[in-house]
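Asker: kindly generate the corresponding structure for this input.
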Amino acid sequence: MSTLKIHNIETAPESSKPLLEKSLKAYGMIPNLHAVLAQAPAALDAYQKLHELFENSSFDAEELTVIWQSINVEHNCHYCVPAHTGIAHMMNVDASLTAALRNNKAMPTTKLQILQDTTLSIVRNRGRISDSELEAFYTIGYQQQQVLEIVLGVAQKTISNYTNHIAHTPVDAAFQKFAWQPESI
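Answerer: Here you go, the predicted structure:
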């Protein structure tokens, strides 16, 4: 059961109404995460902006998926793992990559594995990544820009993952077929 209100356009605070309308236009629905965040218009606005900025970063669809899902699985987010599975399908990301991410399996390429390892190191160590990890990241072809863009993705996912833990946000009907059971905490 959700512990925070799930708004619609009629019940949302005035400042959130245009943000929810933006979500409806973009997704054809108001994702429950957005409906929860609507209680705090600044939080919903920040989340939407971070999502747009990260989606428009230098990462391709596979790389975005690796970063999003690595963080979602690490944080055991019952809502974001199925949602980003659906998003990955919409972005034509290979289903085997999504399955590997959901099930903590190895990535299909060395480059994606190093991206995942770097992302998880940043999350687990709160940004204190070792010189050797950064060197491996740079050697495989990434640059300083991408390290900072991972931090951007972490910021976005921290808002959503933490909100979903607090709110027990119900998974949207569109993503229920991708349901995921988090590991015991």
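Asker: can I assume Lys157 is in contact with Ala83?
Answerer: No. Lys157 lies out of contact with Ala83 (Cβ atoms under 8 Å); the separation is 11.1 Å. C-beta here means a position set from N, CA and C on the backbone, and glycine is covered the same way.
Asker: in this protein, which spans are helices?
Answerer: 17-27, 32-37, 41-55, 61-74, 80-90, 95-102, 110-124, 131-139, 144-167 (DSSP state H).
Asker: so for the third one, what's the average pLDDT?
Answerer: Pointing back at helix 41-55 there. Summarised as a single mean, pLDDT over helix 41-55 is 98.
Asker: check the first one too.
Answerer: Helix 17-27 shows an average pLDDT of 96 in the prediction.
Asker: same check, this time on the shortest one
Answerer: Taken as a whole, helix 32-37 carries a mean pLDDT of 98.
Asker: hang on, the earlier thing: and the helices of the chain, which is most packed in?
Answerer: Ranked by average neighbour count under the criterion mean count of other Cβ atoms under 10 Å, the helices of the chain are headed by helix 32-37 at a mean of 26.
Asker: neighbouring contacts of it?
Answerer: 2, 4-8, 12, 16, 19-20, 23, 43-44, 47-48, 79-80, 83, 159-160, 163-164, 167, 169-172 (Cβ atoms under 8 Å, 6 or more residues apart in numbering).
Asker: what's the neighbour count on Tyr142?
Answerer: 21 (other Cβ atoms under 10 Å).
Asker: still on that earlier bit, compare the helices of the chain and give me the one nearest Gln176.
Answerer: Closest approach to Gln176 among the helices of the chain (Cβ to Cβ): helix 80-90, 7.0 Å.
Asker: may I have the closest one as PDB, with CA atoms only?
Answerer: Taking Å, rounded to 0.1, in the frame of the first residue of the first chain, the C-alpha atoms of helix 80-90 are listed here in PDB:
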ATOM      1  CA  CYS A  80      11.900   1.300 -11.600                       C
ATOM      2  CA  VAL A  81      13.200  -2.100 -12.700                       C
ATOM      3  CA  PRO A  82       9.900  -3.000 -14.400                       C
ATOM      4  CA  ALA A  83       9.400   0.500 -15.700                       C
ATOM      5  CA  HIS A  84      12.900   0.700 -17.200                       C
ATOM      6  CA  THR A  85      12.400  -2.800 -18.700                       C
ATOM      7  CA  GLY A  86       9.500  -1.500 -20.600                       C
ATOM      8  CA  ILE A  87      11.400   1.700 -21.500                       C
ATOM      9  CA  ALA A  88      14.300  -0.500 -22.800                       C
ATOM     10  CA  HIS A  89      11.900  -2.400 -25.000                       C
ATOM     11  CA  MET A  90      10.500   0.900 -26.300                       C
END
